[in-house]
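K.L.:
Below: sequence and its predicted model.
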Amino acid sequence: MHTIDTIIIGAGQAGLALSHCLSARGRDHVVLERGRIAERWRSERWDSMRLLSPNWMTRLPGWSCRVPDPDGYMTAAEVASFLDGYGAASGAPVEAHSPVRSLTTDGHGFDVRTDSGSWAASNVVIATGWCDQPAVPAVARSLGAAFDQITPDVYRNPSALADGGVLVVGASATGVQLAAELRTAGRDVVLAVGRHTRLPRTYRGMDVLWWLERLGKFDVTIDEVPDPARARCEPSMQLAAGRSLDLATLRSIGVELAGRMTGVDGTHVAFADDLAITTAAADTRLWRLLREIDDRIDGDGLGREVLDPDPPVPLRPEPALDRLDLRARRISTVLWATGHRRAYPWLEIPVADAAGEIRQRHGVTACPGLYTLGQRFQHRRGSNFIDGVGRDAVFVADHLVRRSYRRAGALASEAQR
């Protein structure tokens, strides 16, 4: 049994950022990682995937992206290398290939058991991230056995799929990128569209994330929104690296659009008649954002510094599919780009809600000494981004250190009595 002050579970950007902060504060800790540093970036990303944020926005505590092209977008392999370098420069004490099997507490400390040994600690930080496991809807069980079902973490490229068409379910960043890649490769593609946040890659000559940062969108805290639960479930960004990619673009290259999937019966799939409503709602949010940007440009006197307005083209209303016979359309594969869920089968402490999400406030759970990091909207809207996790890591590290001081003082007082 190893004894240590703090255990961090997960060696992605969240775990490494916290490790850096704890080292700067002189706190003894270890980072337990099920595989290698940045394992998901190494083994659960498709071949052509790139980071959605530009290189200049790839920043962690004490570290930033050092490449010749600040406006470029890193590949998955480059992100893994970036995090590898960060861990090495920080001296992060990573125990690789140590998947956690159980996390328990006796009320005074924590016991963590892994495949490579057991640990006792005063504090534990769960930093396994927001994009943990693919969230496949229950209707997938009703799909016929003749069809392949895959998720983005196992998809690599079009040639790796069975011959035939592809039904892509989900139209946020992942769904639209994979639909475009598959269609460009000559596949017949149908895209089932749910709620999403439409964004252009650039607006008036600047990356849209530069505008969002300038407007302070990523700095909005969970305490400032009227409905925190709804804010954490905001539709994801419909974005691609280096280019604008939206439903109008996909339709122009031959991707057939349908509404939200509502049911599956063997070889038949049903869709809601909501494509026009969904896209109109996304466009309304988009126009509101573009007006905010225009107002900011006028207010800051930047009109001569940026390009003229170039709003995206609205999606033309056309009849959408309401039912699809997969066999008749020779569709062989269903790709579920339907987001992620969190799974903690090893967590034996009652801090999760009915949906399995860890209950926390700014990363602090109801169990003293147990924290989480890298959750969506953990404190700010950008909390689960590489660029946003750093400030949460500083907060968690400071809270943890203050708790340790208070705990040490209480034990000293008790010993003197």
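P.N.:
Looks like it came in fine.
K.L.:
mind checking which helix or strand Tyr344 is in?
P.N.:
Using DSSP states H and E, Tyr344 is not contained in any helix or strand.
K.L.:
shouldn't it be in contact with Ala355?
P.N.:
No: if you go by CB atoms under 8 Å, Tyr344 and Ala355 don't touch, sitting 12.0 Å apart. Where C-beta positions appear, they are placed from N, C-alpha and C, glycine not excepted.
K.L.:
who's more crowded, the two?
P.N.:
Between Tyr344 and Ala355, Tyr344 has the larger neighbour count (other CB atoms under 10 Å), namely 19 against 8.
K.L.:
Give the bridge partners for the closest residue to the more buried one other than its chain neighbours, please.
P.N.:
Nearest residue to Tyr344, sequence neighbours excluded (CB to CB, 6 or more residues apart in numbering): Ala352, at 6.7 Å. Beta bridges link Ala352 to Ile358 when assigned by DSSP bridges.
K.L.:
pretty sure Ala352 is touching Gln360, no?
P.N.:
No: between Ala352 and Gln360 there is no contact under CB under 8 Å: 10.1 Å.
K.L.:
Look at those two and report which has more neighbours.
P.N.:
Using other CB under 10 Å as the criterion, Ala352 and Gln360 rank with Gln360 on top: 19 against 14.
K.L.:
from memory that one sits against Arg376, does it?
P.N.:
No: if you go by CB under 8 Å, Gln360 and Arg376 don't touch, sitting 11.5 Å apart.
K.L.:
sec struct for Gly87, please.
P.N.:
Using DSSP: H, G, I helix; E, B strand; the rest coil, the structure places Gly87 in helix.
K.L.:
Going along the chain, name the helices of the stretch 151-300 of the chain.
P.N.:
173-184, 208-214, 228-231, 247-252, 275-300 (DSSP state H, counting those that start in this stretch).
K.L.:
Only the buried residues of stretch 344-358, if you could.
P.N.:
For stretch 344-358, burial by neighbour count (16 or more other CB atoms under 10 Å) applies to Tyr344, Trp346, Leu347, Ile349, Val351, Glu357, Ile358.
K.L.:
Among the residues you listed, find me the one that's closest to Ala180.
P.N.:
Nearest to Ala180 among those, counting by CB to CB, is Glu357 at 31.5 Å.
K.L.:
Enumerate every residue touching Gly164.
P.N.:
Residues in contact with Gly164, defined by CB atoms under 8 Å, 6 or more residues apart in numbering, are Arg187, Asp188, Arg330, Ile331, Ser332, Thr333.
K.L.:
Could you give me the ChimeraX syntax to select whichever of these are buried?
P.N.:
A single ChimeraX command selects the buried members of the contacts of Gly164 (16+ other CB under 10 Å):
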select :187,188,331,332,333
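K.L.:
got the contacts of Gly164 as JSON lines, with pLDDT and distance to Gly72 columns?
P.N.:
Formatted as JSON lines, these follow (pLDDT from 0 to 100; distance: CB to CB, whole Å):
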{"residue": "Arg187", "pLDDT": "98", "distance to Gly72": "28"}
{"residue": "Asp188", "pLDDT": "98", "distance to Gly72": "32"}
{"residue": "Arg330", "pLDDT": "97", "distance to Gly72": "38"}
{"residue": "Ile331", "pLDDT": "98", "distance to Gly72": "35"}
{"residue": "Ser332", "pLDDT": "98", "distance to Gly72": "35"}
{"residue": "Thr333", "pLDDT": "98", "distance to Gly72": "31"}
